[in-house]
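the sequence and its predicted three-dimensional model are supplied below.
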Amino acid sequence: MMAQKSNSDESRYTAGSTERIAADQNKVFVTGLRNVLWIEKALLHFIPKMMDFASSAEFKDALHAHHRHIKGHLISLESVFKTLRIHPESLKETGIETVLTESEQRMKNNRNTAQDAQLAETLLQITKHKQDAYMALSEQAEALQMSDSARLLLELNAYEKTYADRINQMHLKTV
């Protein structure tokens, strides 16, 4: 005959499950934060290269402004890490690394009038990826009851959307 579980056994099981779910959600959140931190740091180093190859003054100005904003994004992301009481360590985002590597090869091998359009396409692709990441992270932060972090991540998402709109307008002028 099987022994029935007592209420205290069931509550321990439920509490353990809840704790595991919260730990898993936290792990997914931190991994996402580390990925987007890597993207922002990679762009911090990559955008000056793009500025060297851009032909339009308007495009160079947009790149320069975005470069400044990325420094602020890094500070914001570091504050989220601080809230979690963990070191802001990045985790390589291999999909974006491939995009940046391919873009760099095109820049080196292909100085022409289509250069700005190619650079804009690269930025739009990365910006779309960052928008998705920031939106997912803000939702995860909200689920983890980190409302300040959720609000901050939504602000970063809004900036990425505004920047994407600006780059898209310039891109449409070049094609």
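It's in.

all helices for this structure, in order.
Taking DSSP state H to define them, one finds helices in the chain at 7-53, 57-84, 94-109, 115-143, 147-174.

quick one, the shortest one and helix 115-143 angle?
Following axes from the mean of the first three to the mean of the last three CA atoms, to 10 degrees, one obtains 160 degrees for the angle between helix 94-109 and helix 115-143.

for the nearest residue to residue 91 once chain neighbours are set aside, what are its contacts?
Nearest non-adjacent residue to residue 91, counting by CB to CB, 6 or more residues apart in numbering: residue 34, 3.6 Å away. For the C-beta atoms, the positions are set from N, CA and C on the backbone; glycine is no exception. By CB atoms under 8 Å, 6 or more residues apart in numbering, residue 34 lies in contact with 89, 90, 91.

ok, residue 34 to residue 61 distance?
For residue 34, the distance to residue 61 equals 31 Å [CB to CB, to the nearest Å].

could you do residue 149 as well?
Residue 149 sits 31 Å away from residue 61, going by CB to CB.

so for stretch 124-134, what gets flagged as buried?
By neighbour count on 16 or more other CB atoms under 10 Å, the buried set for stretch 124-134 is 126, 127, 129, 130, 131, 133, 134.

cool, and stretch 80-96?
Result for stretch 80-96 [16+ other CB under 10 Å]: buried residues 80, 81, 84, 88, 90, 93, 96.

show me what contacts the nearest residue to residue 79 once chain neighbours are set aside?
Of all residues beyond its chain neighbours, the one nearest residue 79 is residue 152 (7.0 Å), with distances taken as CB to CB, 6+ apart. Going by CB under 8 Å, 6+ apart, residue 152 touches 76, 79, 80.
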